[in-house]
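In: requesting a structural model of the entry that follows:
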Amino acid sequence: MNRILKTLALSVLALALAGCEARTDQTDGGGVLLSITDFNELPINVSVNASNELAQIGQITVQNVAKDPSGTTSTLMNVEIQSYEVTYERLDSGTRVPPKLVEYVFGIAPVNGTFTLDNGPFMRAEQFTRDPLFTLGETGIDSETGSRSIRLRVGIRFFGHTLSGKAVDSATGYFTLDVVP
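Out: Residues are numbered from 1 along each chain as shown. A predicted model of the protein is given here:
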């Protein structure tokens, strides 16, 4: 019985250690970091009724930075950009937010280079046709706050993987937006 318990304990320990190593592999960015370095032509407000169900940012630049700037780099550290996610947070007294947006894109951010996304949508029909933006467009007033505008903190985060297969994502970049009727 004692031998069985020892074997079982060692098996559990081995699985736990293997799980830790697998987790490290998943979060290792392959020696690089993605960083949103520039937003050009950021809107300060968007009209729900004049948007034609699409709101875009003129240009977003994402930089691929080697974690060890003095170390050796290779093309395996290039990042294939796969998607970006847009989230919304209320900056006024309201609590309802548009649903998050996930956009699939393709591009390469070379190691120590940049990827530029032109006219990337940050709101589509799904955001404009659901509350709270839909009600604001229909009535001219946010039903939750009674205001004629909704102030949002918009967050954008990019996802990709190195050519060697390591998952990489950027920190979230934010801007403030007023949505009006």
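
In: in terms of pLDDT, where does the residue nearest in space to the middle of the chain sit?
Out: For the chain, Arg157 is the residue whose C-alpha lies nearest the centre (Cα atoms, centre = their mean; 2.1 Å). Per-residue pLDDT puts Arg157 at 98.

In: pretty sure it belongs to a strand, no?
Out: Yes - under DSSP: H, G, I helix; E, B strand; the rest coil, Arg157 sits within a strand.

In: domains of this structure?
Out: 1-28, 31-180 (automatic domain parsing).

In: next structured bit after the lowest-mean-pLDDT helix or strand in the chain?
Out: Least confident helix or strand of the chain, by mean pLDDT, DSSP states H and E, is helix 2-27 with a mean of 43. Going down the chain from helix 2-27, the next helix or strand is strand 32-40, by DSSP states H and E.

In: quick one: buried residues of that next one?
Out: 32-36, 39 (16 or more other Cβ atoms under 10 Å). Backbone N, C-alpha and C define where each C-beta goes, glycine included.

In: just send those back as a markdown table, with pLDDT too.
Out: Formatted as a markdown table, the buried residues of strand 32-40 follow (pLDDT from 0 to 100):
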| residue | pLDDT |
| --- | --- |
| Val32 | 95 |
| Leu33 | 95 |
| Leu34 | 96 |
| Ser35 | 96 |
| Ile36 | 96 |
| Phe39 | 89 |
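
In: and those residues as CSV, adding distance to Gly173?
Out: CSV is the format used below for these (distance: Cβ to Cβ, whole Å):
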residue, distance to Gly173
Val32, 17
Leu33, 14
Leu34, 11
Ser35, 9
Ile36, 4
Phe39, 7
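
In: from the chain's centre, how far out does the strand or helix carrying Leu152 sit?
Out: Element membership for Leu152 (DSSP H and E) is strand 150-162. Offset of strand 150-162 from its chain centre (Cα atoms, centre = their mean, to the nearest Å): 3 Å.
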